[in-house]
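Colleague: Make a model of this:
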Amino acid sequence: METSIYSAFTKAFISAAASMNITRVAAVAPFSVCFSSKNVYITRGGTAVPTIGLVLQNNSVVWRVFGANSMVFVNGDVLCLGFVDGGANPRTSIVIGGYQLEDNLLQFDLAASRLGFSSSLLFSQTTCSNFNFTSN
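Modeller: Next comes the predicted model:
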């Protein structure tokens, strides 16, 4: 993420995490926002941390990123927000990485210039690796 976006994003995430009594700890490179895993529960959607809502063309189109796609365990005691500061002049302001895309279905409609997305398949008790792409 571009620096100003990253700063606003991490500030909001840190505040939301604090309201859930998630304790911040020292950063672990390349991540700058890390937390103790001691009082973070594991759910079907990954770690129980604040949900990230990426608002697309309007407020009714939101791609929600849950703990499985937002947090990275760097060791048994520390998990970090899996986003990095891309600098003040990146090529693009936000890049959605492979980690955020895991277990989400994307449909690219090139003719209509649209993107369809499923949000996390984990809530449907499946993953991309065992999803049946041939069913009706």
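
Colleague: What distance do you get for the most centrally placed residue in the chain to residue 100?
Modeller: Computing the C-alpha centroid of the chain and ranking residues by CA atoms, centre = their mean puts residue 70 first, at 3.1 Å. For residue 70, the distance to residue 100 equals 7 Å [CB to CB, to the nearest Å]. Any C-beta I mention is one placed from the backbone N, CA and C, and that applies to glycine too.

Colleague: Need the overlap of contacts for the two.
Modeller: With contacts defined as CB atoms under 8 Å, 6 or more residues apart in numbering, the residues shared by residue 70 and residue 100 are residue 82.

Colleague: Which strand residues bridge residue 46?
Modeller: Under DSSP bridges, the beta-bridge partners of residue 46 are residue 43.

Colleague: hang on, it packs against residue 69?
Modeller: Yes: look at residue 46 against residue 69 with CB atoms under 8 Å: they come within range, at 6.9 Å.

Colleague: For the two, list the residues in contact with both.
Modeller: Each of residue 120 lies in contact with both residue 46 and residue 69 under the rule CB under 8 Å, 6+ apart.

Colleague: Residues contacting the helix ranked longest in the chain, please?
Modeller: Longest helix in the chain by number of residues, with DSSP state H as the criterion: helix 3-19. Contacts with helix 3-19, where a contact means CB under 8 Å, 6+ apart, come from 1, 24, 32-33, 35, 49-50, 52, 81, 83-88, 93-94.

Colleague: next structured bit after that helix?
Modeller: strand 24-25 (DSSP states H and E).

Colleague: which helices and strands sit right next to that next one?
Modeller: In terms of contacts (3 or more CB pairs under 8 Å, 6 or more residues apart in numbering; DSSP states H and E), strand 24-25 is packed against helix 3-19, strand 34-36.
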